[in-house]
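S.K.: A structural model of the following input is requested.
(one chain, ligands or ions: 2)
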Amino acid sequence: MKKYDLAIIGAGPSGYAAAMRAVDFRKKTLLVEKQTLGGAGITNGALSSKTWWELSRDMLAFRRNLSRYGMQSPATIWKEIQQEVNLAVKERIHLLQHHLDCLRDSPTYSQYLDYQTGTAEIVDENTIKITNDEETDVVHAEYIVIASGSRPRTLPHLPIDEEHILSSDTIEHMTDFPKSLVIVGAGVVGCEYATIFSGFGQTKVFLIDKGDSILPFEDADVVAVIEKNLEEQGVHIHRNSTLTKMEIVNGKVMYELALSDGRTETFEVEKALVSVGRVPNYEKIWSDAVPIKMNLRGIEDHDTNTSIKNIFAIGDITADINLVNVGELEGRYAVEKIFSHPTKKLVYENISTIMFLNPEVAGVGLNEKMAKEKGYNYKAVTVDYTTIPRAIAKRNTQGFIKLLVTNDDEMKVLGMRVVGEQASSAIQAVALLISMNKGIEELAECVHPHPSITEGIQESVRALLGKSILKSGLLNNKVNCYCYDCERGEIESF
Ligand SMILES: Cc1cc2nc3c(=O)[nH]c(=O)nc-3n(C[C@H](O)[C@H](O)[C@H](O)COP(=O)(O)OP(=O)(O)OC[C@H]3O[C@@H](n4cnc5c(N)ncnc54)[C@H](O)[C@@H]3O)c2cc1C
Ligand SMILES: NC(=O)c1ccc[n+]([C@@H]2O[C@H](COP(=O)([O-])OP(=O)(O)OC[C@H]3O[C@@H](n4cnc5c(N)ncnc54)[C@H](O)[C@@H]3O)[C@@H](O)[C@H]2O)c1
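M.R.: Ligands and ions are numbered 1, 2, ... in the order given. A predicted model of the protein is given here:
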């Protein structure tokens, strides 16, 4: 039986990152993947959907520019767009595969990493069975990392046939733009695909929202911008609507909604996308001999440790945040914990996220909803994009920056949201401040290039310190500072 220091189940972003960190420690490592290298980080997930989003955004901008010069838009051809996405996916998988091949052939690394395709199952604490079409292999591992990821959640009354009623695993494999598409679930996946399909301008999109606003975890001012743009692109948002029935009738999707006023309404569309969250891939990963504790959301890990001493869990299989950067962070951390002593704790406070919407929404740390739930007294500033020269030059001033800090002398950064052009690049400096547990003074004096969106971040910081160029509370609240008192539940401008 082959012996390994570490065996990793799943080669998505979490497992791949863990394997590469183990190689740094020169430990004999096995990485097992049953399907596609890169997991949902590449295929039917992060990279593929972001390629669709980029192409859709380009097409929307192209159509707008053509109409500015009084020109007709050409037709958008599904096959061409899909081919480009497939190229992006192949390019990334090829790079990761080629990297594995190079490691295998490298005199420095070849003895440390084995990559095997097959389905892995933990038989006991140190034994893994790997099955593929041809054979079954059994290996010994001192430590095991589970990185088996997640898949789309299904609902009992929604007959997903992956042809008419689809999940995020198959929506990108359709053969043409549907004339109409209903999306069940207005979370990140649902809103990103609503943005993608409405951006191409070939599909009438309906979005079913259980509550009164999409993206229920986000602040109302952020959501308002996104909803406005979706609706301007022709998306119909069914608010406060419960899906009571969905069926395939004569090749079309019929769905029935119960509205909050007691009425029911029926609609017919060509396709449906169900995006109501994800569930962990835990089935048949471990046998009864290894009782790993989990709940409905995933493995209950403590800093990547599971309830079994030598078995760790990372990425989407765990019951916390499902993101590529979080999976990679956990993967690297788990391996450092196994083979050394990590110098830093595993912290989630400075995790940056981007939601690929119209416009993009970048975030780090807390938003106001979360800060209120956690009982913080905080100071906040909002700076409108209309005050930022770069946004004016771009001829797109829609959006704003919102920065939250503690309401004390230190003014530690709690979190930030940026909605608008280049939002993602604007948040990095603040993410760094949070990770360094620093106050905002540092950012106030740094000289930013001009014109740049990050000047808006600097103006936010200066406004909180009472030394901004544009003063708070004037100019129709385009620069606005306020504090929130959690005991009184009140907001006061300053
Ligand atoms: C549509 C969509 C868009 C997304 N967009 C973003 C984004 O923009 N940014 C972002 O940060 N995140 C995004 N995500 C989330 C991100 O894709 C996941 O958080 C990430 O892929 C999780 O990585 P993972 O390695 O934990 O799991 P996965 O990527 O799910 O990989 C797990 C791997 O394990 C393999 N596996 C499972 N069981 C076994 C077994 N028994 N034996 C061997 N192998 C096994 C699977 O085949 C798979 O390849 C998106 C997700 C979706 C669905
Ligand atoms: N840009 C990004 O970083 C990005 C993009 C896509 C996905 N992701 C990750 O993937 C994960 C999964 O995304 P998701 O959108 O599937 O999950 P989600 O949890 O973000 O959203 C699910 C939505 O479905 C709604 N819902 C649940 N049950 C419903 C029902 N019966 N009827 C109607 N609506 C219902 C919920 O209210 C929620 O709004 C996210 O946690 C996210 O971390 C990240």
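S.K.: So which bits of the protein are right by ligand 1?
M.R.: With CB under 6 Å from any ligand atom as the criterion, the chain meets ligand 1 at residues 9-15, 32-36, 39-41, 45-46, 49-50, 119-120, 147-150, 168, 189, 281, 285, 315-316, 322-325, 327. Any C-beta I mention is one placed from the backbone N, CA and C, and that applies to glycine too.
S.K.: Filtering those by proximity to ligand 2, which remain?
M.R.: Filtering the residues of the chain next to ligand 1 for neighbours of ligand 2 using CB under 6 Å from any ligand atom leaves 189, 322-323.
S.K.: Drop anything exposed from those.
M.R.: Among those, the ones that count as buried by 16 or more other CB atoms under 10 Å are 189, 322-323.
S.K.: residues in contact with the residue of the stretch 51-200 of the chain at minimum distance from ligand 1?
M.R.: Per CB to the nearest ligand atom, Gly149 is where the stretch 51-200 of the chain lies closest to ligand 1, at 2.0 Å. Contacts were defined as CB atoms under 8 Å, 6 or more residues apart in numbering; by that measure Gly149 touches 10, 12, 14, 39-40, 280-281, 315-317.
S.K.: Apply 6 Å and report the result again.
M.R.: By CB atoms under 6 Å, 6 or more residues apart in numbering, the contact list for Gly149 reads 10, 12, 39, 281, 316.
S.K.: Redo the buried ones among the ones next to ligand 2 among the residues of the chain next to ligand 1 as JSON lines? Include pLDDT and secondary structure.
M.R.: Listed next are those as JSON lines, based on pLDDT from 0 to 100; DSSP: H, G, I helix; E, B strand; the rest coil:
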{"residue": "Val189", "pLDDT": "98", "secondary structure": "helix"}
{"residue": "Asn322", "pLDDT": "96", "secondary structure": "coil"}
{"residue": "Leu323", "pLDDT": "97", "secondary structure": "coil"}
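S.K.: Backbone torsions only: list them for Arg57.
M.R.: Note on Arg57: its backbone torsions stand at phi -60, psi -40 [degrees, to the nearest 10].
S.K.: actually Ile338, not the one I typed
M.R.: When quoted as degrees, to the nearest 10, the phi and psi of Ile338 stand at phi -70, psi -40.
S.K.: Residue ranges of each domain in the protein, please.
M.R.: Residue ranges for the domains of the chain, per automatic domain parsing: 2-44+83-151+279-339, 165-276, 359-493.
S.K.: So what would you say the end-to-end distance of the second one is?
M.R.: In terms of CA to CA, to the nearest Å, the two terminal residues of domain 165-276 are separated by 13 Å.
S.K.: repeat for the first one
M.R.: Between the opening and closing residues of domain 2-44+83-151+279-339 we find a distance of 20 Å, counting by CA to CA.
S.K.: Which residue, neighbours along the chain excluded, lies closest to the residue nearest the centre of the chain?
M.R.: Taking CA atoms, centre = their mean as the criterion, Leu323 is the residue nearest the geometric centre of the chain, at 5.0 Å. Sequence neighbours aside, Thr353 is the residue nearest to Leu323 in space, at 6.5 Å (criterion: CB to CB, 6 or more residues apart in numbering).
S.K.: which stretches of the stretch 151-300 of the chain form helices?
M.R.: Per DSSP state H, counting those that start in this stretch, the stretch 151-300 of the chain carries helices over the ranges 188-200, 220-232.
S.K.: ranking those helices by burial, who's on top?
M.R.: helix 188-200 (a mean of 24; mean count of other CB atoms under 10 Å).
S.K.: Of the residues of the chain next to ligand 1, grab the buried ones for ChimeraX.
M.R.: Buried subset of the residues of the chain next to ligand 1, written as a ChimeraX selection, criterion 16+ other CB under 10 Å:
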select :9,10,11,12,13,14,15,32,33,34,39,40,41,45,46,49,50,119,120,147,148,149,150,168,189,281,285,315,316,322,323,324,327
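S.K.: for the lowest-mean-pLDDT helix or strand in the chain, packing partners?
M.R.: Among the helical and strand segments of the chain, the one scoring lowest on mean pLDDT, DSSP states H and E is helix 441-445, with a mean of 80. Helix 441-445 sits against helix 454-464, with contacts defined as 3 or more CB pairs under 6 Å, 6 or more residues apart in numbering; DSSP states H and E.
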